[in-house]
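Participant: this one's structure only:
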């Protein structure tokens, strides 16, 4: 019975994915993409990867969907009639893609050799770190350099997005257009749902040490709630030159880096946690990481500065 | 018992798919909001059934997140549709608004 | 021997999503649709990671945590890339007034303000 | 004892799923937005509510059962507000058409 569910889910994911690719209107394509992301998180739950399901739902379809929706709203008014690619290109692309899919499917059906698993080695030494959640253990203990660099990539991307604004506007205000008429229903929603969302975000960060969850998922929920409040016009979009905003952006990676360097003095190797202090240090890193991920994701969605701002 | 719950989850998923295809075909602004709401509650129902069959309470957290995201997506649709209407009327472009 | 079980179904789904993403990337003329296709391609590749992780389930875990952690990192980096691509596209529209990558659309010198 | 609980779960979840089926049929049959909205709201509170009600005995601990109820309340709460948004946009579209 379980495989009947899986087959139905897979057919639905492929149907929604194909529909999003071939939808006539870009706006509908993005709406269907958000639905596709939520269905994909169901697939991740079926693959027993709940951490990834949370991340896919929060970042993969929630925040990315909002980013694309903002873009299509702004692009729609200048949507030049696209020149459809010639049918010969379509056929060639179709053949090429079916070849790729067939080869990947062959790889899945006849796996080359016994799947090597790193799970035993992870579980062996997970005990020292005091963490219960193996994925958090990998993220913050064994591959902590990846997590640090990935957080830096997120901030670098934001700096690049900001630098795309015209020079005169550097430090200006992003132009997230709050809802024009004061819609009382939207304001009521933006007043009541965010407190619940913030609580869920902090819960998700806190539970990440032992259960699926963590800094990324918690940060994404906080970002979604902040965007919700800004859209409803209850909170002003902070100018990119505000020091509090910039501090919040970098506090996560800086604390992570500081603890990493501290590891050099205390235990001789970069990003190594001293004996017995692993869990409190990781909790501290995750706390600051949650804040800065939330702020960075929200600033990505809000976009580059487009209005003058004299603080 | 698990077999029955998997059957229930499959039926809910199929019904959500059916409703989704019908609503999103029209793709007016109200239809988009409804699709977000339908996938929200349908997804939560499937996840809660899965949390019992796969005996993992963490899946309830995913359902919690999905419920929040459905509300967030609805607001996103309303605000961007509004911005779309404003930008189209603002630029007086000749093309008809697609919603 | 072809192993046909629940995990393999998701593997086939991942393979199909990768093909769909690449096809959408090549065929769709509009840049925003290309960004959407890249996102679908990325989610297909990540789903393949998930299948490999699920097959590596051992030591009492539902799946191998190392590929799962890499997918979480990958989703966040994919979001950063999407955000940068969208910002570049909006800036292109601001400067050249046309949301198209065709070379002959000469950039009309419109003031960026 | 567990047999009674299992029978209760099967009964409650079946009726809950039944509401999802009705909603899907309603979306296929009903022509305009407002009537569909009527069907959609049934899914939120009654359909999901019965499923959660049926799953309560299956939840591992009392805390788990409480969490299920919290999720249902959240879906119902945000659903009620979004229904207002949907009705408002349907009316606005009505004026434009």
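Facilitator: That came through, no problem. These numbers were taken from a predicted model, which means no experiment stands behind them.
Participant: contacting residues around the nearest residue to residue A:236 once chain neighbours are set aside?
Facilitator: Using CB to CB, 6 or more residues apart in numbering or on different chains and skipping residues adjacent in sequence, the residue nearest residue A:236 is residue A:230, 7.8 Å away. Using the backbone N, CA and C atoms, a C-beta is placed for each residue, glycine as well. With contact set as CB atoms under 8 Å, 6 or more residues apart in numbering or on different chains, residue A:230 has these partners: A:176, A:178, A:236-237, A:298, A:302.
Participant: ok, which stretches of chain B are helices?
Facilitator: B:2-26, B:29-53, B:58-91 (DSSP state H).
Participant: so which of the ones you listed gets nearest residue A:207?
Facilitator: Across those, residue A:207 has its closest neighbour in helix B:58-91 (7.3 Å, CB to CB).
Participant: where in the stretch 201-311 of chain A is pLDDT low?
Facilitator: Along the stretch 201-311 of chain A, the model assigns pLDDT under 70 to residues A:308-311.
Participant: for it, what lies in contact range of chain C?
Facilitator: Residues of the stretch 201-311 of chain A found near chain C (CB under 8 Å from any CB of the partner chain) are A:214, A:216, A:293, A:297, A:300-301, A:303-304.
Participant: please repeat the previous calculation with a cut-off of 7 Å.
Facilitator: Within the stretch 201-311 of chain A, the residues that sit near chain C (CB under 7 Å from any CB of the partner chain) are A:216, A:300, A:303-304.
Participant: can you pull the contacts of residue A:30?
Facilitator: A:65, A:68-69, A:72, C:36 (CB atoms under 7 Å, 6 or more residues apart in numbering or on different chains).
Participant: chain center to stretch B:40-51, what's the gap?
Facilitator: Relative to its chain's centre, stretch B:40-51 lies at 12 Å (CA atoms, centre = their mean, to the nearest Å).
Participant: helix or strand for the nearest residue to residue C:15 once chain neighbours are set aside, which one?
Facilitator: Excluding the flanking residues, the one nearest residue C:15 by CB to CB, 6+ apart is residue A:104, at 3.5 Å. Following DSSP states H and E, one finds residue A:104 within helix A:87-109.
Participant: run through who's touching that helix.
Facilitator: Contacts to helix A:87-109, defined as CB under 7 Å, 6+ apart, come from residues C:2, C:8, C:11-12, C:15-16, C:18-19, C:22-23, C:26-27, C:51.
Participant: and that helix, what's its mean pLDDT?
Facilitator: Mean pLDDT, computed over helix A:87-109, is 90.
Participant: can you list the buried residues in that helix?
Facilitator: Buried residues in helix A:87-109, counted by 16 or more other CB atoms under 10 Å in any protein chain shown: A:93, A:97, A:101, A:104-105, A:108.
Participant: check which helix or strand covers residue 15.
Facilitator: Using chain A here. Residue-wise, residue A:15 maps onto helix A:2-22 under DSSP H and E.
Participant: that's the other chain; I wanted chain D
Facilitator: helix D:2-29.
Participant: can you pull the contacts of residue A:266?
Facilitator: Residue A:266 makes contacts with residue A:274, as judged by CB under 7 Å, 6+ apart.
Participant: what's the spacing between it and residue A:276?
Facilitator: According to CB to CB, to the nearest Å, residue A:266 stands 11 Å off from residue A:276.
Participant: for stretch A:272-281, how far is the first residue from the last?
Facilitator: Stretch A:272-281 has an end-to-end distance of 10 Å (criterion: CA to CA, to the nearest Å).
Participant: where does chain C get nearest to chain D, residue-wise?
Facilitator: Chain C approaches chain D most closely through residue C:62 (16.8 Å), counting by CB to the nearest CB.
Participant: does that residue touch residue A:48 like I think?
Facilitator: Yes. Because the distance of 2.9 Å satisfies CB atoms under 7 Å, residue C:62 is recorded as touching residue A:48.
Participant: those two: who's more crowded?
Facilitator: Neighbours per residue (other CB atoms under 10 Å in any protein chain shown) separate residue C:62 from residue A:48, with residue A:48 holding more: 20 against 17.
Participant: check what pLDDT the more buried one gets.
Facilitator: Predicted confidence (pLDDT) for residue A:48: 89.
Participant: can you report how many residues neighbour residue 36?
Facilitator: All of this is about chain A. Neighbours of residue A:36 (other CB under 10 Å): 29.
Participant: nope, chain C please
Facilitator: Residue C:36: 28 neighbours (other CB under 10 Å).
Participant: my guess is it meets residue A:33, correct?
Facilitator: Yes. In this structure, residue C:36 is within contact of residue A:33 by CB under 7 Å, at 5.8 Å.
Participant: where do the contact lists of the two overlap?
Facilitator: Residues touching both residue C:36 and residue A:33 (CB under 7 Å, 6+ apart): A:20, A:68.
Participant: check whether the helix or strand bottoming out on mean pLDDT in chain C contacts chain B.
Facilitator: Counting by mean pLDDT, DSSP states H and E, chain C has its least confident helix or strand at helix C:65-96, which shows a mean of 90. No. On the criterion CB under 7 Å from any CB, helix C:65-96 is out of touch with chain B, staying 11.9 Å away.
Participant: list the buried ones in that helix?
Facilitator: For helix C:65-96, a neighbour-count test (16+ other CB under 10 Å) marks C:65-80, C:82-87, C:89-94, C:96 as buried.
Participant: circling back: show me the two of the buried residues of helix A:87-109 that sit farthest apart.
Facilitator: Between any two of the buried residues of helix A:87-109, the greatest separation by CB to CB is 22.4 Å, found for A:93 and A:108.
Participant: how many residues are close by the nearest residue to residue B:1 once chain neighbours are set aside?
Facilitator: Nearest non-adjacent residue to residue B:1, counting by CB to CB, 6+ apart: residue D:6, 5.5 Å away. For residue D:6, the count of nearby residues is 14 (other CB under 10 Å).
Participant: measure residue D:6 to chain C for me?
Facilitator: Residue D:6 sits 24 Å away from chain C, taking CB to the nearest CB, to the nearest Å as the criterion.
Participant: mind listing what the spatially most central residue of chain A touches?
Facilitator: Computing the C-alpha centroid of chain A and ranking residues by CA atoms, centre = their mean puts residue A:59 first, at 3.1 Å. Taking CB under 7 Å, 6+ apart, we find residue A:59 in contact with A:216, A:220, C:75-76, C:79.
Participant: also residue B:14?
Facilitator: residue A:8.
Participant: for it, give its distance to residue A:32.
Facilitator: From residue B:14 to residue A:32 the distance is 18 Å (CB to CB).
Participant: same question, residue B:80
Facilitator: Residue B:80 sits at a distance of 15 Å from residue A:32 (criterion: CB to CB).
Participant: also residue B:83?
Facilitator: Residue B:83 is 20 Å from residue A:32, where distance means CB to CB.
Participant: how about the nearest residue to residue C:13 once chain neighbours are set aside, what does it touch?
Facilitator: Excluding its sequence neighbours, the residue lying closest to residue C:13 (CB to CB, 6+ apart) is residue A:10, at 4.2 Å. Residue A:10 makes contact with C:9-10, C:13 under the criterion CB under 7 Å, 6+ apart.
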